[in-house]
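J.: My questions concern the predicted model and sequence given below.
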Amino acid sequence: MKSKPTDSRLSGSEKALENEVNEIDSEMVKELREGLDKLEQSVPVFSPNLHWFEEQILQHRKQLRKKLVRDLLLFFTIAAIVLSLTVASMLNIPSVYMVFQIFACMLVPAALWWIQRRRKVGA
């Protein structure tokens, strides 16, 4: 990688060109800073107070807690129904239980194949 030549190696026209580039760069920096200052002055900075943030967090936590309780109740209700039906069919009518088991053993691989195929088509 070439190193930048020092000022002693530059000719007169190269020094003049470099000075002109430096002046243009400094003017651009000055204009950018002025533009940013104008932008900062024209757009008011508003930061809500701490109380507002705390209220938002509390509301969000309450919503999450309600959703968690609802989801857990739904899960345990469905689990209880499924287990009750499974035990009832296994104890009362073992042939129906065996049919359900065979059906489930066929359904799971078919569902996994369908999901995998759908992912490949969507990708």
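T.: Good, I have the coordinates. Numbers count the residues shown, from 1 in each chain.

J.: Ala79 sits in which helix or strand?
T.: Ala79 belongs to helix 50-92 when assigned by DSSP states H and E.

J.: Then Val45?
T.: For Val45, there is no host helix or strand (DSSP H and E).

J.: avg pLDDT for stretch 73-81?
T.: For stretch 73-81, the mean per-residue pLDDT is 94.

J.: So what's the residue count around Gln101?
T.: 13 (other C-beta atoms under 10 Å). Any C-beta I mention is one placed from the backbone N, CA and C, and that applies to glycine too.

J.: what about it, which helix or strand?
T.: helix 94-122.

J.: can you give me the angle that helix makes with helix 50-92?
T.: 140 degrees (axes from the mean of the first three to the mean of the last three C-alpha atoms, to 10 degrees).

J.: returning to what we had before: counting by contacts, list what the helix holding Ala79 packs against.
T.: helix 94-122 (3 or more C-beta pairs under 8 Å, 6 or more residues apart in numbering; DSSP states H and E).

J.: Name the residues of the helix it packs on that come out as buried.
T.: By 16 or more other C-beta atoms under 10 Å, the buried positions in helix 94-122 come out as Tyr97.

J.: Please shift the residue numbers so they start at 682 in all later answers.
T.: With 682 as the first residue, the last one maps to helix 775-803.
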